[in-house]
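S.K.: my questions concern the predicted model and sequence given below.
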Amino acid sequence: MNRELLLFARALWYGAAMLAVYDCLRILRRVISHKGWVTGLEDILYWAGSSLFIFTGLYRQNSGVLRGYFFVGMALGMVVYSWALSPYFVKGASYLLNRLKEILKIPGKAAKKVIKRLKSAALRGKLSMSRFICRKAPKGERKDGWNGKKSRKVRKPEGGRQQPPE
């Protein structure tokens with residue numbers, strides 16, 4: 001009888017622990033917005049982890065034998081935790097993490113401003129450098145005969161006179 005009571009007490013703890021972990025997921029969802037598929041993936045991972053947790057607990061405590069009172073104990077542990085601690089834990093932790101997020105936004109905004117100014121200065125530096133290069137380009141006719149226009153280059157005959165077009 002003592003062994004069954006001990007297993008029932010552990011089942012109460014397992015139920016409360018599983019719901020506490022799920023409350024952590026709820027807090028994370030309140031603080032950071034999630035897309036629907038991410039929430040679904042988190043839930044799948046949670047239930048996979050919970051099933052492993054339950055299986056290993058049953059295997060260690062009761063040699064893998066399923067007992068109805070174990071599952072009743074887990075359900076009762078979840079109900080007691082959700083009634084006694086869950087609302088306060090979720091609200092309090094969400095409040096603290098949202099405040100922390102607001103505090104951390106201040107240095108983030110300052111860093112964004114600095115990065116924006118550095119990018120702007122770099123862009124201005126590139127523009128002024130290109131203007132400097134373009135201004136210092138040699139003026140006049142180039143050796144290859146290109147005059148800077150997109151027109152056809154006219155070659156002069158060796159004699160110095162142009163031939164009439166045919």
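M.R.: Good, I have the coordinates.
S.K.: going by C-alpha atoms from here, please, whenever you check contacts or count neighbours.
M.R.: Noted.
S.K.: where do the helices sit along this protein?
M.R.: Remark: helices assigned in the chain by DSSP state H are 2-31, 36-62, 68-84, 86-135.
S.K.: now tabulate those in a markdown table and tack on mean neighbour count and mean pLDDT.
M.R.: Listed next are those as a markdown table, based on neighbours: other CA atoms under 10 Å; pLDDT from 0 to 100:
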| stretch | mean neighbour count | mean pLDDT |
| --- | --- | --- |
| helix 2-31 | 18 | 90 |
| helix 36-62 | 14 | 87 |
| helix 68-84 | 17 | 91 |
| helix 86-135 | 13 | 77 |
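S.K.: may I have the phi/psi pair for Lys35?
M.R.: With angles defined as degrees, to the nearest 10, Lys35 sits at phi -80, psi 160.
S.K.: and it, what pLDDT?
M.R.: On pLDDT, Lys35 comes in at 85.
S.K.: measure it to Arg117 for me?
M.R.: 33 Å (CA to CA, to the nearest Å).
S.K.: try Gly108
M.R.: 14 Å.
S.K.: try Val80
M.R.: Counting by CA to CA - Val80 and Arg117 are separated by 55 Å.
S.K.: cool, and Phe89?
M.R.: Phe89 is 42 Å from Arg117, by CA to CA.
S.K.: burial check on Arg67, number of neighbours?
M.R.: Neighbourhood size, Arg67 [other CA atoms under 10 Å]: 13.
S.K.: CA atoms only for stretch 109-117, dumped as PDB, please.
M.R.: Taking C-alpha atoms only, stretch 109-117 is exported to PDB below (Å, rounded to 0.1, in the frame of the first residue of the first chain):
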ATOM      1  CA  LYS A 109      16.800  51.600 -30.400                       C
ATOM      2  CA  ALA A 110      20.000  53.400 -29.700                       C
ATOM      3  CA  ALA A 111      22.000  50.800 -31.500                       C
ATOM      4  CA  LYS A 112      19.700  51.000 -34.500                       C
ATOM      5  CA  LYS A 113      20.200  54.800 -34.600                       C
ATOM      6  CA  VAL A 114      24.000  54.400 -34.500                       C
ATOM      7  CA  ILE A 115      23.900  51.800 -37.200                       C
ATOM      8  CA  LYS A 116      21.700  53.900 -39.400                       C
ATOM      9  CA  ARG A 117      24.000  56.900 -39.000                       C
END
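S.K.: so what touches it?
M.R.: Where contact means CA atoms under 8 Å, 6 or more residues apart in numbering, no residue beyond stretch 109-117 reaches it.
S.K.: make it 10 Å
M.R.: By CA atoms under 10 Å, 6 or more residues apart in numbering, the residues outside stretch 109-117 that reach it are 105-108, 118-123.
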